[in-house]
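**Q** no sequence for this one, just the structure:
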C-alpha cells in the first residue's frame, strides 16, 4: 500500500473512532440524564369547589327576615338593612369611583345551646340586582369581624355591606363558617329576598 493509501486508511480509521466514541458518549449521556419528574399534585384552594372535602352538608336558603337554626341552639339572622352613599368611594371590582351607593346590614348569631360553638373563619358573598350579579363590599361598618366562638348563652354580631344601586332591590347574601383548613363547620346559608 502506498503512503497516500496508508494516510487515507489512517484518517478513515480515526474518523470512525471519533464518530463511534461520540455516538457512544451521547448515548451514555442520554441514558444518564435524570428522569423528568412527574407533575406534583396541586394543593387544593378553598375556592376550588371540586377539591373541597365532602361534608354531607346541604346549602340552605332562607328569607332575608328569617333566622336559621343550625341545630343545638346555634342561630343566624340578618337585621337593620339600610342604604347609604360612600362619598369618594372606590369599587375595586368594577373600577368605579365617586359617590357610590351601598346597602348595609347586621349579621346576628347566638348560641342558646349548652356547648361552646366554634365559628372559625367566615366566608361571605353578596349579589344584588335582577338578574343577580356579584357585588363587592366597601367594608364600612364599625365592627366587621365575626366572633370566633360563642359560649353558651352568648350572642355576637358583625356589620356587612355591599355596593348596590337604588334600583337593586334583590339581594342574596351567603355566609359559611370554616375551620382553619377551610372545611365547613356548618351548612352554607344563603339569605335571599328584596329590600326597599
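**A** Alright, I've got the coordinates. Just so you know, these numbers come straight off a predicted model, no measurement behind them. Residues are numbered from 1 along each chain as shown.

**Q** what ranges do the strands span in this structure?
**A** In the chain, the strands defined using DSSP state E lie at 60-63, 67-71, 74-91, 96-111, 117-118, 121-128, 133-135, 149-150, 155-163, 170-178, 189-194.

**Q** tell me which of those sits nearest to residue 143.
**A** Within the strands of the chain, the stretch nearest residue 143 is strand 155-163; the backing value is 5.4 Å (Cβ to Cβ). In this view, the C-beta of every residue, glycine as well, is placed from N, C-alpha and C.

**Q** where in the chain is pLDDT low?
**A** The chain contains residues with pLDDT under 70 at 1-56.

**Q** 50 instead?
**A** 1-53 (pLDDT under 50).

**Q** ok, residue 112 touching residue 75?
**A** Yes. The pair residue 112 / residue 75 is scored as a contact, 7.0 Å apart, by Cβ atoms under 8 Å.

**Q** of these two, which one has the most company?
**A** Set residue 112 next to residue 75 and count neighbours by other Cβ atoms under 10 Å: residue 75 wins out with 18 against 15.

**Q** state the distance from the more buried one to residue 68.
**A** Per Cβ to Cβ, to the nearest Å, residue 75 is found 7 Å from residue 68.

**Q** ok, now residue 183?
**A** 20 Å.

**Q** show me which of the two is the more surrounded one.
**A** More crowded of residue 183 and residue 68, by other Cβ under 10 Å: residue 68, with 20 against 13.

**Q** check contacts around the more buried one.
**A** Taking Cβ atoms under 8 Å, 6 or more residues apart in numbering as the contact definition, residue 68 lies against 60, 62, 75, 76, 77, 189.

**Q** residues in contact with residue 116?
**A** By Cβ under 8 Å, 6+ apart, the contact list for residue 116 reads 149, 150, 151, 152.

**Q** tell me the bridge partners for residue 69.
**A** Per DSSP bridges, the residues bridged to residue 69 are residue 75.

**Q** do I have it right that it meets residue 75?
**A** Yes. Using Cβ under 8 Å, residue 69 is in contact with residue 75, at 5.0 Å.

**Q** residue 65: how many residues sit nearby?
**A** Residue 65 has 12 nearby residues by other Cβ under 10 Å.

**Q** what pairs with the residue nearest to it when sequence neighbours are not counted across the strands?
**A** Of all residues beyond its chain neighbours, the one nearest residue 65 is residue 193 (7.1 Å), with distances taken as Cβ to Cβ, 6 or more residues apart in numbering. Per DSSP bridges, the residues bridged to residue 193 are residue 171.

**Q** residue 193 reaches residue 81, doesn't it?
**A** No. With contacts counted by Cβ under 8 Å, residue 193 stays clear of residue 81, the gap being 9.6 Å.

**Q** for those two, list the residues in contact with both.
**A** With Cβ under 8 Å, 6+ apart, residue 193 and residue 81 have common neighbours 64, 171.
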